[in-house]
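Novice: Build me a model from this:
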Amino acid sequence: MHAGTACFSLPARKSISRPIPEPEKFLKKFAALIFHVTFNLQNMERGVMQRKSSIFAVCFTLFALTGVLFAAESETFRPGQIRGTILDLSTQTPLPAAAVMIAGTNLGAAADMDGNYIIQRVPSGIYNVRFTMMGYESRVVNNVVVNPGRTTWQTIELKSTVLEMEGLTVTAGFFQEARDAVISNRSMDYEEIRMDPGSAEDIQRVVQALPSVVSGSDQDNEIIVRGGMPGENLFLMDHIEIPNPNHFAHQGLGGGPINMINTQFVRRVDFYAGAFPARYGDKASSAMDIALRDGDRERRTGHGYLGMAGAGVMVEGPLGQGKGAYILSVRKSFLDLIIASTGLTAVPRYYSLQGRASYDLNPANRLIWNGIYGNDAITIEDTEGGGYERGAENVRAKSQQYATGLTLRTLYADRGYSRITLSQVANRWDLDVWNETGKTYYRNLSTEMERTLKADLTMQLSREFEIGTGGHVKSIPFDIDIWADADTMRVYRPGTSFVPADSLIYPEYARKNRRTTWKAAAYGHMRWNPWMRLTTTWGIRADYFGYTDRTAIDPRIGFSYALTEKTDLNLALGQFSQSPAYIQITAHPDNDDLDYKKTRQIVFGIARLFREELKGTIELFYKDYSNVPVSESQLTPDPFASYEGRLINRGEGYAVGVELFLQKKRVRQYHYTASYSYSIARGMDPRYRTEYDWDYDYRHNLTLIGGAKYDLRDKAWYQNMKRHLFYKITGWILPFADQVEIGVRWRYLGGRPYSERTYLPQYRRWIVAPETPLNTHRYPVYHRLDLRLDRRFMFDGWNMVTYLDIMNVYGRDNIWMYAYNADGSRENIYQFQVFPVGGITIEF
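Specialist: The predicted model follows:
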């Protein structure tokens, strides 16, 4: 049991089969089942071969649809163009006269007085584009796709440097640091997200390849960082904080089976794995800042998508004669149509809408609107006819989530900029669970909402000195209504038919709490270069939670020393506080005294740019936990102690480890990433005040990713092959196209800890016995191989991309957990089996 497990438990009676509430046991199964249905329609006991046939039939159909199109002779393609804006990273002001060059060609341009550039008559293809300017780190953007007759937009931010004054030439190469970070950060763009094998283009799953991040189950995209717990990552989308951006979102946490954000909206993702800047707060471990791109300001374009999970359409175009642009998308699942013939009755249905619009009021002021909405539903009936024999209860679940906000961004000459955002986000859950007689025994009708006014100001007083300040005020109306029926223990005696009630009765649990509270935060941040080779960052943040009347003050500091022009020594330390979740503070009337959970972190690292496309880092970290909310019932070794929802700040622990990361960006043909970490995460057993391994103490975490790109358009054998009848008939199953990309990912995790359980036949239940130490056993190690194949076909004015993503290629049986049955038997609960996912995208 993790020291923080109970702080994420739904309030209800306490199960004696393990020290967490029975409704949470159900919800874990429910979340796992949703994702298995969505992406892993197998690993069930009934109809396995039939479901596999349906899945492969869909993949077959998707690829066959391409046959008629690409069998045609190549057209004479019109050239495309690359255009965009070059900005100063710190001030967001345009950089006139910045140079742009397409690597391997003679094509290039210079930015005008507004920072805008355009490179015309660019042959279709995939390029590396270099951006340079005196006094700034040069930067190379790879995987810039130019389609025939279309415009590719690239907005680029360059970081100023003072090192040239010492005669050093500084280049970021293909790598860009996240804002205000000196360590433990990664920045990525849409193409990196798209190419990642096995991630299903899910942003959260992509960052799970980093050495600092471990995953939960395959069925969940929760981000768990450096020995931490679920729900400790901050999400921001264009300056809007989003508690949970997933379909079927887990209440009080940050994960789910499917992320709602359309990755084709994404311009850049900055991920901070620890020691993050003071502008981010109220989370204990990490932050993910997602910047979305503008729509096409020149012409209307669109994408159509058809795949295993559903279908979608995205359109974008100009507003106000090029003064603005919009992007709109809609996506809907149709898994019910795909697997209707399999006999499964529990099919998730979901859809999402997303939009963004930007408009330049004048050269200094821009207005930006963002909106995203998701709607989910599933009914699970635990009957043999339903095709599920996984011990799941009868469930009807619906949920909705949305976020919308309006931002005013203002530039202050060449000194800095501000952002003021007014936003509203909400999550709604409607959940019923009933038994075989039709009697409801658990219900959750909850709504959580945040209305936020947020402001930030960044000013560069000189090249050596930059300050930032800001804060927010949140009005938080919530309506928590959770009910669980009473439960009576029964005593079973061999040879008798009478089953008497035990004296132990778990009482009915009912919590209704409807009120409005508020939060406030303020921060100050400073970047100072006291001399040429040294960069320092200083920050302090204050958070206040009105419901608990608690305040947290968190200092943060970082140093980066340029040992050479390609090697940096980095150090960061600070405190990071997180307020209790709304479902925690409402679980018991006395929970209004809960304090902020705190981590204190120190990270030291070395970063080396071996070549402009090859970078490696080594980092050592120590992370201390205190004030972690735990259930009061966990303070006693009595396995029959009743859970009444009372939480106290008694949990504590630590994590320590080393991380290695090596990444080669693709210059011409191939790329690769290797990441490894060894860490120890331990908590304090509140029963006996002894240390034990925390739930996500995997120890070893290894991920290897590789990929290659092949451009076949100028290959004579490919052009000749396309003319033959054989290819016109069979080409859809061959791995050939105008451009082909192949990617593989292999991931290894050490065994996850668990506590041994004892079966009590008189109660027909399992318990963790009072004398049993926590988490002394481990599940088998986890490993999985994923393969992805992308094929791009180019036509004049439009393109088609087909992909096939195969998860767990060699069919490893990875055990996530054990199911303990009332008859004393134990079953394995597996993660993903072999599963292919296919799809087609049309770009027009």
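Novice: any idea where the strands of the stretch 351-500 of the chain begin and end?
Specialist: 365-380, 394-412, 416-434, 440-462, 465-484, 487-490 (DSSP state E, counting those that start in this stretch).
Novice: helix, strand or coil for the most centrally placed residue in the chain?
Specialist: For the chain, the residue nearest the mean C-alpha position is residue 204 (1.7 Å; Cα atoms, centre = their mean). Put simply, residue 204 is helix when judged by DSSP: H, G, I helix; E, B strand; the rest coil.
Novice: hmm, back to that, lowest average pLDDT across the strands of the stretch 351-500 of the chain?
Specialist: Lowest mean pLDDT within those: strand 487-490, at a mean of 77.
Novice: Quick check: neighbours of that one in the sheet, parallel or antiparallel?
Specialist: Sheet pairing of strand 487-490 (DSSP bridges) gives strand 501-506 (antiparallel).
Novice: Toward the C-terminus, what is the element adjacent to the partner strand?
Specialist: Next along the chain after strand 501-506, taking DSSP states H and E as the criterion, comes strand 509-531.
Novice: any idea of the pLDDT on the residue nearest to the centre of the chain?
Specialist: Value listed for residue 204 in the pLDDT field: 93.
Novice: ok now do the closest residue to it other than its chain neighbours, which residues does it touch?
Specialist: Spatially, and ignoring its direct neighbours in sequence, residue 204 is nearest to residue 221 (3.9 Å; Cβ to Cβ, 6 or more residues apart in numbering). In short, each C-beta sits where N, CA and C put it, glycine included. Contact analysis of residue 221 by Cβ atoms under 8 Å, 6 or more residues apart in numbering lists 202, 204-205, 208, 215, 246, 255-259.
Novice: Parallel or antiparallel, list what pairs with the helix or strand harbouring residue 840.
Specialist: In this structure, residue 840 sits in strand 835-843 according to DSSP H and E. Its sheet considered, strand 835-843 pairs with strand 301-307 (antiparallel), strand 798-807 (antiparallel) by DSSP bridges.
Novice: Among the ones you listed, show me which one is buried the most.
Specialist: For the strands paired with strand 835-843, the largest average neighbour count (mean count of other Cβ atoms under 10 Å) is found in strand 798-807, namely a mean of 21.
Novice: Tally up the residues packed near the closest residue to residue 507 other than its chain neighbours, please.
Specialist: Among residues not flanking residue 507 along the chain, residue 486 sits closest, at 5.6 Å (Cβ to Cβ, 6+ apart). By other Cβ atoms under 10 Å, 11 other residues sit near residue 486.
Novice: Please tell me I have it right and residue 486 contacts residue 442.
Specialist: No - shown here, residue 486 and residue 442 do not form a contact pair, counting by Cβ atoms under 8 Å, at 11.7 Å.
Novice: Would you quantify the distance from the residue nearest to residue 204 to residue 99?
Specialist: 40 Å (Cβ to Cβ, to the nearest Å).
Novice: same question, residue 729
Specialist: In terms of Cβ to Cβ, residue 729 sits 49 Å off from residue 99.
Novice: thinking again about what came up before, who wins for proximity to residue 695 among the strands paired with strand 835-843?
Specialist: strand 798-807 (23.9 Å; Cβ to Cβ).
Novice: So which residues of the stretch 251-400 of the chain form helices?
Specialist: Secondary structure of the stretch 251-400 of the chain (DSSP state H, counting those that start in this stretch): helices located at 335-338.
Novice: what bits of it have low per-residue confidence?
Specialist: Filtered on pLDDT under 70, the stretch 251-400 of the chain yields the residue ranges 308-309, 335-346, 382-393.
Novice: One more: the chain?
Specialist: Judged by pLDDT under 70, the stretches of the chain that qualify are 1-76, 162-172, 308-309, 335-346, 382-393, 495-505, 642-643, 732.
Novice: about what we covered before: hmm, the residue nearest to the centre of the chain is touching residue 225, no?
Specialist: No - Residue 204 sits out of contact with residue 225 when judged by Cβ under 8 Å, with a separation of 11.7 Å.
Novice: coming back round to it: just how off-centre is the strand holding residue 840 within its chain?
Specialist: Put simply, strand 835-843 sits 21 Å off its chain's centre (Cα atoms, centre = their mean, to the nearest Å).
Novice: In that strand, which of the residues would be classed as buried?
Specialist: Residues of strand 835-843 classed as buried: 835-843 (neighbour count, 16 or more other Cβ atoms under 10 Å).
Novice: which ones are touching the closest residue to residue 323 other than its chain neighbours?
Specialist: Leaving aside its chain neighbours, residue 323 sits nearest to residue 360 (4.8 Å; criterion: Cβ to Cβ, 6+ apart). By Cβ under 8 Å, 6+ apart, the residues touching residue 360 are 323-324, 366.
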